[in-house]
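Enquirer: need a structure here:
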Amino acid sequence: MDKLLRDELYQQARNWILEAGSTIRNKINDPLDVSTKSNPNDLVTSMDKNTEKYFVEKIKTTYPDHLLLSEEGFGDDIRSLDGIVWIIDPIDGTMNFVQQKRNFAISIGIYHNGIGEIGLIYNVMDDILYHAKRGEGAFRDEVKLAPLKKGQVLEESVIGLNHLWLCQNRLVQEQSMQSLVKTVRGTRTYGSAALEFAYVAEGIVEAYITMSLAPWDIAAGIILVNEVGGITTDIDGNQLNMVDKNPVLTCHPDIHQRIVAEFIQKGRK
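Expert: Okay, the predicted model is just below:
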């Protein structure tokens, strides 16, 4: 993708994500229609759907040849990332949105022939925009994020975890994950994969691990993490499938191989 087009798409995406976030803030206390999807913890609200419809209308009107991969089913049926594909989560952290009315984000990743070009993660209630264009660094609002410092060790790292899968996951033995938790400095759970990726890019946490994320959960975050020198793979260290769900590890490069080899691969069932 040439720079002129990347800059244009970035500005459009930035304008739209901020406008959508403003709408959510203005309506945060309105009555919500809340329902469940795959299980009682997998929530969807009328706000998720309306926000996704907003992006679909904007993108399809402005760029009718672009494709849209999104969570709530209003996008295209996509089997590859050929062409220009917008990957959108209208509200990442819906349970936080419903229960807390904060700690959720809008996430937009724009990919061209499988390459992540633009990533935006908007912490709506705190009005903080994380954003990146490929090759130009990552930013928190207008402050450029520093490259991840070299020499990070696992024992001095804080990692983001979805604690539910410590008890329920079918991929890695519980003892191995418990050993990882005991090894690191600490763990955190924020309830929004997009924000967890942003925090890895910002250096607030050194890693984030979870056993099942969809493309819209990770598309923007991968670009942010890449721009500060981080790495994102599946939990075995392999390339992610960007049109399907994946078990995901995003982290500081200095601790990536140790997490994979010492705690995940040895604990595989």
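
Enquirer: contacts only, for Gly116.
Expert: Contacts for Gly116 (Cβ atoms under 8 Å, 6 or more residues apart in numbering) come out as 109-110, 134, 219, 222-223, 226. C-beta coordinates here come from the backbone N, C-alpha and C atoms, glycine included.

Enquirer: buried set for the helix or strand containing Met177?
Expert: Following DSSP states H and E, the helix or strand that holds Met177 is helix 174-183. Across helix 174-183, burial judged by 16 or more other Cβ atoms under 10 Å covers 176-177, 180.

Enquirer: how does the chain divide up, domain by domain?
Expert: By the assignment in automatic domain parsing, the chain contains the domains 3-144, 154-265.

Enquirer: now those domains in CSV, with mean pLDDT?
Expert: Below are the domains of the chain laid out as CSV (pLDDT from 0 to 100):
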stretch, mean pLDDT
domain 3-144, 92
domain 154-265, 92
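
Enquirer: deepest-packed of these, please.
Expert: Comparing the domains of the chain by mean neighbour count (mean count of other Cβ atoms under 10 Å), domain 154-265 comes out on top with a mean of 20.

Enquirer: got the end-to-end distance for it?
Expert: Distance across domain 154-265, first residue to last, is 16 Å (Cα to Cα, to the nearest Å).

Enquirer: now swap in stretch 223-241 and tell me
Expert: One end of stretch 223-241 to the other measures 15 Å (Cα to Cα).

Enquirer: stretch 146-162 now?
Expert: In stretch 146-162, first residue to last residue: 26 Å (Cα to Cα).

Enquirer: show residues contacting it.
Expert: Defining contact as Cβ under 8 Å, 6+ apart, one finds that stretch 146-162 is touched by 177, 180-181, 183-190, 196, 199-200, 203-211, 228-230, 251-255, 258-259.

Enquirer: again, only this time at 6 Å
Expert: Contacts to stretch 146-162, defined as Cβ atoms under 6 Å, 6 or more residues apart in numbering, come from residues 183-188, 196, 205-210, 228-230, 252, 254-255, 258.

Enquirer: mind listing which of these are in helices?
Expert: 183, 196, 254-255, 258 (DSSP state H).

Enquirer: which one of those residues is nearest Asn15?
Expert: Comparing the ones in helices among the contacts of stretch 146-162 against Asn15 with Cβ to Cβ places Glu196 closest, at 25.4 Å.

Enquirer: doesn't Tyr190 make contact with the closest one?
Expert: Yes - in this structure, Glu196 is within contact of Tyr190 by Cβ atoms under 6 Å, at 5.5 Å.
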